[in-house]
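1. Quick one: sequence and predicted model below, then my questions.
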Amino acid sequence: MLSILFAMLVILALAGTVVVYVAFPHRGEQVPHAPGLAEAMRRGVNALPTLDNQREREHQHH
C-alpha cells in the first residue's frame, strides 16, 4: 500500500512539473514566484537529447 502511495506521489509531482513547464518556460514566460525554477527547467531541457539538439550535433560533426 505504501509503495502505491509513493508511486502516485511521484507521478503527480512529475505531472505537475510538466504542466508548469508547458504553461510557462516553454512559452518563454517566467514562472510566477519562482523565476529560478524556469531557468532550471530550461537548462534541464537543453541538456536532454531532443530532435533539435541531435540535428545541431550532426551538423557540428560534419
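-> Structure's in. What do you need?
2. Rounded mean pLDDT for stretch 41-58, please.
-> Stretch 41-58 shows a mean pLDDT of 72 in the predicted model.
3. One more: stretch 5-20?
-> Computed over stretch 5-20, the mean pLDDT rounds to 93.
4. And it, what's buried?
-> Val20 (16 or more other CB atoms under 10 Å). For every residue, glycine as well, the C-beta is placed using N, CA and C.
5. Output it as PDB - backbone C-alpha positions only.
-> Output of stretch 5-20 as PDB, limited to C-alpha atoms (Å, rounded to 0.1, in the frame of the first residue of the first chain):
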ATOM      1  CA  LEU A   5       1.000   5.800  -2.400                       C
ATOM      2  CA  PHE A   6       4.700   6.700  -3.100                       C
ATOM      3  CA  ALA A   7       4.300   5.900  -6.800                       C
ATOM      4  CA  MET A   8       1.200   8.100  -7.100                       C
ATOM      5  CA  LEU A   9       3.000  11.000  -5.400                       C
ATOM      6  CA  VAL A  10       5.900  10.700  -7.800                       C
ATOM      7  CA  ILE A  11       3.600  10.500 -10.700                       C
ATOM      8  CA  LEU A  12       1.700  13.600  -9.500                       C
ATOM      9  CA  ALA A  13       5.000  15.500  -9.000                       C
ATOM     10  CA  LEU A  14       6.200  14.600 -12.500                       C
ATOM     11  CA  ALA A  15       2.800  15.600 -14.000                       C
ATOM     12  CA  GLY A  16       2.900  18.900 -12.100                       C
ATOM     13  CA  THR A  17       6.400  19.600 -13.400                       C
ATOM     14  CA  VAL A  18       5.300  19.000 -17.000                       C
ATOM     15  CA  VAL A  19       2.300  21.300 -16.600                       C
ATOM     16  CA  VAL A  20       4.400  24.100 -15.100                       C
END
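6. ok now that stretch, how far from the chain's centre?
-> The chain centroid and the centroid of stretch 5-20 are separated by 13 Å under CA atoms, centre = their mean, to the nearest Å.
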